[in-house]
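In: here's my sequence, what's the structure:
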Amino acid sequence: MMGYGYAGMAMMWPWMLVWIVVGVAAIVALILLIIRLARGNSPREQWTGQHTDSARRILDQRYARGEIDHDEYQKRREMLQ
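Out: You can find the predicted model right below:
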C-alpha cells in the first residue's frame, strides 16, 4: 500500500463499495431501459410528445371494438389534437 499501511486499506474498502453500487445501479438502469423499449415506450416518446400517437391508437382500437360510440370517439379525438 505504498507506506499507507492499514489506513490505506481502510480507505480502499469504501471506494470499492462505491464502485460496486455504481455498477449495480448502471446494470439496473440498463435492464429497465431494455424493458421499456421492449414494451414500446421509448424515452423519445416522452420528450417529443409522440405519446399522443399511442393515445390515438388506443382510442381507434376502442372505437373499432365498439367500446365507445361515434360521438364519444369524436369528442376524445378532438381533445387529443
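In: buried stuff in the helix or strand where residue 28 lies?
Out: Taking DSSP states H and E as the criterion, residue 28 maps to helix 5-39. Neighbour counts over helix 5-39 (16 or more other C-beta atoms under 10 Å) mark no residue as buried. The way it works is simple: take the backbone N, C-alpha and C, and place the C-beta from them, glycine included.
In: can you give me how far it is from the chain middle?
Out: Helix 5-39 sits 19 Å away from the centroid of its parent chain (C-alpha atoms, centre = their mean, to the nearest Å).
In: when you give positions from now on, start the count at 103
Out: Right, with 103 as the first residue, what we last looked at is helix 107-141.
In: what about that helix, average pLDDT?
Out: For helix 107-141, mean pLDDT rounds to 87.
In: other SSEs contacting that helix?
Out: With contacts taken as 3 or more C-beta pairs under 8 Å, 6 or more residues apart in numbering; DSSP states H and E, helix 107-141 sits against no other helix or strand.
In: pop the domain breakdown of the chain in here.
Out: 103-141, 145-183 (automatic domain parsing).
In: then stretch 123-133 to CSV, C-alphas only?
Out: The C-alpha trace of stretch 123-133 is given here as CSV (Å, rounded to 0.1, in the frame of the first residue of the first chain):
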residue,chain,number,x,y,z
VAL,A,123,-23.0,0.4,-6.0
VAL,A,124,-22.4,2.4,-9.2
GLY,A,125,-22.0,-0.8,-11.2
VAL,A,126,-25.2,-2.3,-9.9
ALA,A,127,-27.1,0.9,-10.5
ALA,A,128,-25.9,1.0,-14.1
ILE,A,129,-27.0,-2.6,-14.7
VAL,A,130,-30.4,-1.9,-13.2
ALA,A,131,-30.8,1.2,-15.3
LEU,A,132,-29.9,-0.7,-18.4
ILE,A,133,-32.3,-3.5,-17.6
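In: understood, closing this out.
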